[in-house]
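Sequence plus predicted model, see below.
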Amino acid sequence: MLTCLNHDATAADYKTAPRYFDDCRKWWERLTPDELETARTAIDCVAGPHGRRAAQSIAASLPLAPPCPL
């Protein structure tokens with residue numbers, strides 16, 4: 001789930017763990033169109049009324065993502 005949220009890091013975030021954010025971006029770029037739609041749905045769930053639990057459930061169907069070092 002974090003990789004879905006971190007594929008487009010801010011400059012300040014990027015400085016904290018550049019390799020991780022590069023890996024997130026590469027992971028995002030390798031997603032198929034269907035997987036991108038799933039990832040976007042998971043992102044929407046985090047901010048919506050369904051919350052983080054629903055988002056994590058949706059994101060579980062995505063390819064293995066880079067672990068967050070933070």
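Right, received. Where do you want to start?

need the next SSE after the lengthiest helix in the chain, C-terminal direction.
Ranked by residue count, the top helix of the chain under DSSP state H comes out as helix 33-47. With elements assigned by DSSP states H and E, the helix or strand that comes after helix 33-47 is helix 51-59.

same for that next one, what does it pack against?
helix 33-47 (3 or more C-beta pairs under 8 Å, 6 or more residues apart in numbering; DSSP states H and E). All C-beta spots, glycine's among them, are computed from the backbone N, C-alpha and C.

Which neighbouring elements make contact with the helix it packs on?
Packing contacts for helix 33-47, counted by 3+ C-beta pairs under 8 Å, 6+ apart, involve helix 2-6, helix 51-59.

How many neighbouring residues does Cys4 have?
24 (other C-beta atoms under 10 Å).

Can you point out the buried residues in the worst-scoring helix or strand of the chain on mean pLDDT?
The weakest-scoring helix or strand in the chain, judged by mean pLDDT, DSSP states H and E, is helix 2-6 (a mean of 72). For helix 2-6, the buried set under the neighbour-count rule, 16 or more other C-beta atoms under 10 Å, comprises 3-6.
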